[in-house]
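Participant: dropping the sequence and predicted coords here.
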Amino acid sequence: MKWWSALLYAAAWTQATGQVPYERIVDAPKEPGSWLTYSGNYLGQRFSPLTELTPANVAGLRVKWAHQYAERLQVSPLVADGVMYVTGPNTAAALDVRTGRELWSWRRPIPKDYQNIGFGRVNRGAAILDDRLFVATLDCYLVALDIKSGLERWTAKVEDYKPGYSMTLAPLAIRGKVVVGVSGGEAGIRGFVDAYDSKTGQRAWRFWTIPGQGEPGNETWQGESWKTGGGSTWVTGSYDPELNLVYWGVGNPGPDWNGDARKGDNLYTCSLVALDGNTGALRWHFQFTPHDSHDWDAAHVPVLFDAEVRGQKRKLIANANRNAFYYVLDRTNGEFVAGKAYARQTWSKGLDDRGHAIAIPGTEPSTEGTLLWPNLNGGTVWFSPSYSPQTGLFYVAVREIGSIYYKREANYKPGTFFAGGGETMAPGTEEAGFIRALEATSGQMRWEFPLTSAPWAGVLSTAGGLVFGGSNEGNVFALDAKTGKPLWDFQTGGAVGANPVSFIVDGRQYVAFAASRVLYVFGL
Amino acid sequence: MALLWLAAGALAQTEAPPDQDSGKKIFESQCALCHGQTGTGGRGPSLHRPKLDKAPDDDALRKAISDGIAPEMPGAWQLNPREVASVALYVRSLGKVPPEVLPGDPSRGAQVYDAKGCAGCHMNAGKGEGFGPELTSIGARRSGAHLRQTLIKPAATLPDGFLYVAAVTTAGQTVRGIRVNEDAFTIQLKDALGRFHSFRKAELKELRRLRGESPMPSFENSLTAAELDDLVAYLASLKGKS
């Protein structure tokens, strides 16, 4: 699509509705000048169909504007109808996308007794639907703001923050509903995925990630351990509008590093769950790490794509998991299709035919310490991977750190750490980081670009043939999507710990990155 | 999800009082790597001292164990308060062991230091050059044995994160220096004359990471045994800008 037809498409919507209806998000690929949902499209691909920036001209990217904040940013901005929406911890703002000048801002005070147990005070973005912007807060409220004024339409209490529930993620808006998940896996919460009516703020459904007594899966927990079993849902999921399935990654079981009192597989922790969009009913699940004791959440953006596998067209879902394995599943039923390690790991012999990792004995945390790769943050973590339908490659920012895992006692007390140990970087080892391109259907590595340390920033691929990423050392950069060759870089002066996005301003392609406390916007 | 692992220190306490024996076990598995199996020091200082500079009282010692001492000593955040207190008890017991006795004479060592040109690379109490690590308080951070080894075989005791690099430009010129900063696209070096060099990696013909190498020469053959003893004693006596 040419930029001007994309512009006309967006303009037509603006005039007709002045808002972002569900259908517009479903058709996001037809409107590449906007960025309407966390991952750019419902499929979780973080792929921009824009083609102005190419390997031939990307070296000419320059800063167009920057916007400074009081807090460290992890935001993936949204862009619709000439306005950019950004969030911070309990804050949101609308910016003029041409200049970065603020149009409105909103703030909700963080309660004095609020504690962030096991994560930073951050926010990763908003969701937009119709005339509303939805923001999830640290003190565990979902807030609907009027997109024109930033004024509150409704505020829904998702859970009590005092025992450790919190939210840092961007909500996912589907037809008539806003879906959120919670943080708190180190505080002994019982996790869930919630959906709220976008008009009223009434809860439409809740899926508990840990089955209650009498429900299938509860038998995978010892005694009462399910009540404090964790299973947080702290990273935004994806959605298949045709199947009406919401896909969500579930976090680790608690206590994290001591599984003695929660013997069993601990469903549905460290799993991917497929939920009915209307009811929240579980359609299928796939557990990547049964009875995890290394904090290897499956809290990743699930990436949906269609491809041919062994001569058959398949609806697929991919996950580069914190446990260092890449998995491809059939997204209609959860069947394992392919998988292999994509990052250094020393805990498993590999995947069996059903995609279950074969654990090596003696790799559990111990009193004296157990040395393993990857560390607790895994082969990759919350920041987004990207899938390009053009190259058929899955791009992921990879972390390789060796760690000594310790096991300690754990006693549950509401609102305190319930971790049962911890880890420390293995002395005498060096951390490593990469951007890697994997064949999406197999996980076979096609290229890698080395970084100086293990990254905390996601990647974006574009139809122009580029992959954008960021580093802890402050670089933002563009690589050739086919070869990984570096084509452009810029030193932002602050660690990049967010996901890039791309959109159109005045007919030209822009790319935005948050680096430390500054949001940078680049164009030719 | 524990992204902030530092915060994971608040672990459940048990009722039992701290005890020195369990402190010793923890010390041997988690502190000995730097402080030596019996606390005689190594990369970290000897703890066989009645008074610890960074931990004058018990509260300060427990805090140092649990939070660490920047920039080199990591915090033992994985230990619960009782375990920290047990390690502190054990470390205090080490203070009753007589301190390391070094054979040399510090004042003669100071003359060796001057004669051998150490100040050409190292800053000490405001005098010298800042190419190598500052030595003003090296005796508070390193044991005598560690200092001796550094003088004999410098590359065996490189500080964490230290990297000596040879950058070969497209013109064929080689610049050797200590890496002072690096990102995915650029590297900054400091050469032996203290000059900074900045390179884009794409513009270099070769970037050799000289792992395990040090620009410091070995003094094994250029010092007599007595001079080496004296120099070690002098360096060990450097305890800071008091």
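Facilitator: Now that the structure is in, tell me what you want to look at.

Participant: going by C-alpha atoms from here, please, whenever you check contacts or count neighbours.
Facilitator: Fine.

Participant: surely A:Tyr405 and A:Glu423 touch.
Facilitator: Yes - under the criterion of Cα atoms under 8 Å, A:Tyr405 makes contact with A:Glu423 at 4.3 Å.

Participant: next secondary structure after the strand ranked longest in chain B?
Facilitator: The strand that spans the most residues within chain B, counting by DSSP state E, is strand B:174-182. For strand B:174-182, the following helix or strand on the C-terminal side (DSSP states H and E) is strand B:186-190.

Participant: what lines up beside that following strand in the sheet?
Facilitator: In the sheet, strand B:186-190 lines up against strand B:174-182 (antiparallel), strand B:196-200 (antiparallel) (DSSP bridges).

Participant: tell me the most buried of those?
Facilitator: Among the strands paired with strand B:186-190, strand B:174-182 has the highest mean neighbour count (mean count of other Cα atoms under 10 Å in any protein chain shown), at a mean of 18.

Participant: for it, list the C-alpha coordinates in CSV.
Facilitator: Below are the C-alpha coordinates for strand B:174-182, written out as CSV (Å, rounded to 0.1, in the frame of the first residue of the first chain):
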residue,chain,number,x,y,z
THR,B,174,47.2,-0.6,15.4
VAL,B,175,46.1,1.1,18.5
ARG,B,176,46.4,-0.7,21.8
GLY,B,177,44.5,0.4,24.8
ILE,B,178,42.3,-0.3,27.8
ARG,B,179,38.7,-0.4,26.9
VAL,B,180,36.9,2.4,28.6
ASN,B,181,33.5,2.0,27.0
GLU,B,182,31.8,0.0,24.3
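
Participant: show residues contacting the host helix or strand of B:Cys34.
Facilitator: Using DSSP H and E, B:Cys34 falls within helix B:32-35. Helix B:32-35 is contacted from outside by B:38-39, B:41-47, using Cα atoms under 8 Å, 6 or more residues apart in numbering or on different chains.

Participant: out of those residues, who has the most neighbours?
Facilitator: B:Ser46 (26 neighbours; other Cα atoms under 10 Å in any protein chain shown).

Participant: got the strands paired with strand B:186-190 as JSON lines, with mean pLDDT columns?
Facilitator: As requested, the strands paired with strand B:186-190 are exported to JSON lines (pLDDT from 0 to 100):
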{"stretch": "strand B:174-182", "mean pLDDT": "95"}
{"stretch": "strand B:196-200", "mean pLDDT": "96"}
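
Participant: just send the ones you listed back as CSV, with distance to A:Asp131 too.
Facilitator: Below are the strands paired with strand B:186-190 laid out as CSV (distance: least, Cα to Cα, whole Å):
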stretch, distance to A:Asp131
strand B:174-182, 46
strand B:196-200, 47
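
Participant: thinking again about what came up before, closest one to chain A out of the contacts of helix B:32-35, please.
Facilitator: Chain A lies nearest to B:Arg43 out of these, by Cα to the nearest Cα, at 12.1 Å.

Participant: with adjacent residues omitted, what lies nearest to the closest one?
Facilitator: B:Cys34 (4.9 Å; Cα to Cα, 6 or more residues apart in numbering or on different chains).

Participant: the one you found - how many residues pack around it?
Facilitator: 18.

Participant: surely A:Asn41 meets A:Pro29?
Facilitator: Yes - counting by Cα under 8 Å, A:Pro29 is a contact partner of A:Asn41 at 6.9 Å.

Participant: just how off-centre is stretch B:119-126 within its chain?
Facilitator: Put simply, stretch B:119-126 sits 17 Å off its chain's centre (Cα atoms, centre = their mean, to the nearest Å).

Participant: mind exporting the C-alpha coordinates of it to PDB?
Facilitator: Written as PDB, here are the backbone C-alpha positions of stretch B:119-126 (Å, rounded to 0.1, in the frame of the first residue of the first chain):
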ATOM      1  CA  ALA B 119      53.700   6.300  39.000                       C
ATOM      2  CA  GLY B 120      54.100   6.300  35.200                       C
ATOM      3  CA  CYS B 121      50.800   4.400  34.900                       C
ATOM      4  CA  HIS B 122      49.200   4.500  38.400                       C
ATOM      5  CA  MET B 123      47.700   7.300  40.500                       C
ATOM      6  CA  ASN B 124      48.500   7.100  44.200                       C
ATOM      7  CA  ALA B 125      47.300   9.800  46.600                       C
ATOM      8  CA  GLY B 126      47.000  12.300  43.700                       C
END
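
Participant: secondary structure element holding B:Gln149?
Facilitator: Short version, using DSSP H and E: B:Gln149 is in helix B:144-152.

Participant: and A:Lys313, by the same measure?
Facilitator: Assigned by DSSP H and E, A:Lys313 belongs to strand A:312-320.

Participant: A:Ala173 too?
Facilitator: Applying DSSP H and E, one finds A:Ala173 within strand A:172-174.

Participant: now for the following helix or strand past that strand, which elements pack on it?
Facilitator: Using DSSP H and E, the helix or strand that follows strand A:172-174 in sequence is strand A:177-181. Contacts defined by 3 or more Cα pairs under 8 Å, 6 or more residues apart in numbering or on different chains; DSSP states H and E place strand A:177-181 against strand A:172-174, strand A:192-197.

Participant: the first one pairs with which strands, parallel or anti?
Facilitator: Spelled out, that is strand A:172-174. Strand A:172-174 has its sheet partners listed here by DSSP bridges as strand A:177-181 (antiparallel).

Participant: between the strand it pairs with and strand A:192-197, how big is the angle?
Facilitator: Here the directions of strand A:177-181 and strand A:192-197 differ by 160 degrees (axes from the mean of the first three to the mean of the last three Cα atoms, to 10 degrees).

Participant: may I have strand A:177-181 as PDB, with CA atoms only?
Facilitator: Coordinates of the C-alpha atoms in strand A:177-181 are reproduced here as PDB (Å, rounded to 0.1, in the frame of the first residue of the first chain):
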ATOM      1  CA  LYS A 177     -14.000  -6.000  25.700                       C
ATOM      2  CA  VAL A 178     -10.700  -5.000  27.300                       C
ATOM      3  CA  VAL A 179      -8.500  -7.900  28.400                       C
ATOM      4  CA  VAL A 180      -5.800  -7.500  31.200                       C
ATOM      5  CA  GLY A 181      -3.400  -9.700  33.200                       C
END
